[in-house]
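> Provided below are the primary sequence and the corresponding predicted coordinates.
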Number of protein chains: 2
Amino acid sequence: MKIAVLLTDDFQDDEYVKPVEAFKKAGHEIINLELKRGRVVKGKKGVVSVTIDESITRVYVEDFDALLIPGGYSPDKLRINDDVVKFVKDFFESGKPVFVICHGQQLLINADVLKGKKITGYRSIIQDLKNAGAEFIDAEVVVDNNLVSSRQPKDLPAFIKACLNKLKSI
Amino acid sequence: MKIAVLLTDDFQDDEYVKPVEAFKKAGHEIINLELKRGRVVKGKKGVVSVTIDESITRVYVEDFDALLIPGGYSPDKLRINDDVVKFVKDFFESGKPVFVICHGQQLLINADVLKGKKITGYRSIIQDLKNAGAEFIDAEVVVDNNLVSSRQPKDLPAFIKACLNKLKSI
């Protein structure tokens, strides 16, 4: 399956590397999306670099089977762009799996898709998630229909397992 | 007057340096607060270092005349701590001036003090401010009673002017 990964500078390194490794190992294809094809974006630890495969303005939701949004400060940087928020909103509303961890959830707040949704996320954004109408659950992973969410890097094993299960189910 | 400045690592450099310079020049005293006295915290550009004067758990709202919260990623880091959020809430509710810029507003969201308040802030958090019950206004500076807010570094001249005016009025 084709999995879009949405990221820009200052993403949380492990929240990109570990799910992507696991998805590739399971035979899935990864397409890294940001605004500019060919850009090299860096993780916030300054170690991991990722080359953007395609501009988010040049792709369609139909091109992908699932969407992964790693955390760090990348989501807060991305959500100032209306094209990015629109893509995330359309993707979520298509019913295809959306995987978010840590601060990745911030993009779903701006996409205004969280009313009544069960979700978890990083401690700092709990109030923002509740204010967006979501039901916050303090657990290592929360699955609500197409939405799989986790809180932080240490939840990655449970997060990855739940994401792979979701991919198997579609 | 005594002005508390609340910050930790990855604060937006100019949003600390420029107001603090202006406040000192006007004769005010600056007390840098974080969780640990003596810690040296760094701006996100990696240039400015600030030594913390006192732990926020050892001071009282009554010790200060106003509170400044610079932006950057510092506010998101600080708002995971309940003592910090409680201090901000108590300070805001005391009616003393609170100056926030960029992402500083995130601490006011977690302090749950924004219902019905007129405010501006950085683009990425507009939805979070609205969801918190605030009335978002897209202007270089917004003053609503004790609350003075701005959007970003380029608003600093207007922000500083409004802060100094507010200090003169009390």
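Cool, got the structure.

> strands along chain A, start to end?
Defined through DSSP state E, the strands belonging to chain A, from first to last, are A:2-6, A:29-34, A:40-42, A:49-51, A:54-55, A:66-69, A:98-101, A:118-119, A:135-136, A:142-144, A:147-150.

> in the fourth one, what counts as buried?
Meaning strand A:49-51. Taking 16 or more other Cβ atoms under 10 Å in any protein chain shown as the basis for neighbour counts, the residues of strand A:49-51 that come out buried are residue A:50. Where C-beta positions appear, they are placed from N, C-alpha and C, glycine not excepted.

> that strand pairs with which strands, parallel or anti?
For strand A:49-51, the pairing partners within the sheet under DSSP bridges are strand A:40-42 (antiparallel).

> where's the partner strand relative to the chain centroid, distance-wise?
A distance of 17 Å separates the C-alpha centroid of strand A:40-42 from that of its chain, computed with Cα atoms, centre = their mean, to the nearest Å.

> got the residues of chain A near chain B?
Within chain A, the positions adjacent to chain B are A:73, A:76-77, A:79-80, A:106, A:109-110, A:112, A:123-125, A:127-128, A:131-133 by Cβ under 8 Å from any Cβ of the partner chain.

> at the geometric centre of chain A, which residue do we find?
With distances taken as Cα atoms, centre = their mean, chain A has residue A:69 as the residue nearest its mean C-alpha position (1.6 Å).

> report how many residues lie close to residue A:30.
Using other Cβ atoms under 10 Å in any protein chain shown as the criterion, residue A:30 is surrounded by 17 other residues.

> these two touch, right, it and residue A:23?
Yes - taking contact to mean Cβ atoms under 8 Å, the distance of 6.2 Å between residue A:30 and residue A:23 places them in contact.

> going along the chain, name the helices of chain A.
A:13-25, A:74-78, A:82-94, A:105-110, A:126-131, A:156-168 (DSSP state H).

> need the ones you listed in a markdown table with mean pLDDT and mean neighbour count, can you?
Shown next, in a markdown table, are the helices of chain A (pLDDT from 0 to 100; neighbours: other Cβ atoms under 10 Å in any protein chain shown):
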| stretch | mean pLDDT | mean neighbour count |
| --- | --- | --- |
| helix A:13-25 | 98 | 19 |
| helix A:74-78 | 98 | 26 |
| helix A:82-94 | 98 | 18 |
| helix A:105-110 | 98 | 27 |
| helix A:126-131 | 98 | 22 |
| helix A:156-168 | 98 | 18 |
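
> now tabulate the ones you listed in TSV and tack on distance to residue B:98.
What follows is those, written out as TSV (distance: least, Cβ to Cβ, whole Å):
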stretch	distance to residue B:98
helix A:13-25	33
helix A:74-78	22
helix A:82-94	29
helix A:105-110	24
helix A:126-131	17
helix A:156-168	37
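
> residue B:142: which of the ones you listed is closest?
The stretch from the helices of chain A with the least distance to residue B:142 (Cβ to Cβ) is helix A:126-131; that distance is 19.6 Å.

> spit out the contact partners of the residue of chain A found nearest chain B.
Nearest residue of chain A to chain B: residue A:131, at 3.8 Å (Cβ to the nearest Cβ). Counting by Cβ atoms under 8 Å, 6 or more residues apart in numbering or on different chains, residue A:131 touches B:109, B:128, B:131-133.

> 6 Å instead, please
Contacts for residue A:131 were tallied using Cβ atoms under 6 Å, 6 or more residues apart in numbering or on different chains; they are B:131-132.

> residue A:72 now?
The neighbours of residue A:72, taking Cβ under 6 Å, 6+ apart as the test, are A:10-12, A:44.

> again with residue A:122
For residue A:122, the contacting residues are A:102-103, A:151-152, by Cβ under 6 Å, 6+ apart.

> same thing with residue A:114?
Counting by Cβ under 6 Å, 6+ apart, residue A:114 touches A:108, A:132-134.

> re the thing from before, thought the residue nearest to the centre of chain A was touching residue A:7?
No - using Cβ atoms under 6 Å, residue A:69 and residue A:7 do not qualify as a contacting pair, with a distance of 7.5 Å.
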